[in-house]
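Asker: dropping the sequence and predicted coords here.
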Amino acid sequence: MYHRIVQRRLRRAFEDINAGRYDRIVPQFAPAHRHVFFGDHALGGTRRGLDATRAWYGRLARVFPDLRFEIRSIAVAGWPWDTVAMIEWVDHFTVNGAPAGNQGVHVFRLRWGRVVGLSVYCDTAKLRRYLEEKAAAGLVEASAPPITD
């Protein structure tokens with residue numbers, strides 16, 4: 001039963017992102033956490049505090065305003081005090097008017113219902129190209145340094 005609840009909450013979080021409700025994402029993180037997006041680009045880096053994580057989600061919303069996730073599978077293991085959840089996804093968005101997308105996995109670590117760790121794995125070379133295209137078209141934030149703390 002607990003694993004189903006976690007799955008439902010994670011699906012709802014991705015639905016919130018799809019609907020542009022980023023303000024509902026950061027409150028799910030514990031005050032001290034580790035949010036990692038791999039790669040050397042504007043969305044890369046590691047954040048450990050709520051302010052930096054909030055700024056990162058703000059950047060994500062501005063750089064990819066039409067980002068939509070399609071969940072392929074969810075796996076949950078562990079107990080409420082130490083849960084690991086993995087979500088396999090495909091995303092869709094546009095880059096300068098052309099359809100684009102990526103695929104990857106989010107790995108969550110949860111403690112008592114709060115996110116204490118999130119690592120995002122995707123095709124970072126593809127993402128970097130998309131960001132470079134957006135920057136070349138005038139979106140300065142697409143080439144900004146990573147948000148870290």
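Answerer: Looks like it arrived, so ask away.

Asker: give me the neighbour count for the closest residue to residue 46 other than its chain neighbours.
Answerer: For residue 46, ignoring the flanking residues on the chain, the nearest one in space by CB to CB, 6 or more residues apart in numbering is residue 36 at 4.9 Å. For the C-beta atoms, the positions are set from N, CA and C on the backbone; glycine is no exception. Residue neighbour count, defined by other CB atoms under 10 Å, stands at 15 for residue 36.

Asker: scan this protein for its longest helix.
Answerer: When the chain is parsed with DSSP state H, its longest helix is helix 2-18.

Asker: output the contacting helices and strands for that helix.
Answerer: Applying 3 or more CB pairs under 8 Å, 6 or more residues apart in numbering; DSSP states H and E, one finds that helix 2-18 contacts strand 68-79, strand 82-95.

Asker: so which elements touch the last one?
Answerer: Put plainly, it is strand 82-95. Counting by 3+ CB pairs under 8 Å, 6+ apart, strand 82-95 packs on helix 2-18, strand 68-79, strand 98-111, helix 124-136.

Asker: for these, give me a markdown table that also has mean neighbour count, distance to residue 92 and mean pLDDT.
Answerer: Below are the helices and strands packed on strand 82-95 laid out as a markdown table (neighbours: other CB atoms under 10 Å; distance: least, CB to CB, whole Å; pLDDT from 0 to 100):
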| stretch | mean neighbour count | distance to residue 92 | mean pLDDT |
| --- | --- | --- | --- |
| helix 2-18 | 15 | 10 | 97 |
| strand 68-79 | 14 | 5 | 98 |
| strand 98-111 | 16 | 5 | 98 |
| helix 124-136 | 17 | 12 | 97 |
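
Asker: can I get the ones you listed in CSV including distance to residue 117?
Answerer: Output for the helices and strands packed on strand 82-95, formatted as CSV (distance: least, CB to CB, whole Å):
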stretch, distance to residue 117
helix 2-18, 14
strand 68-79, 12
strand 98-111, 3
helix 124-136, 19
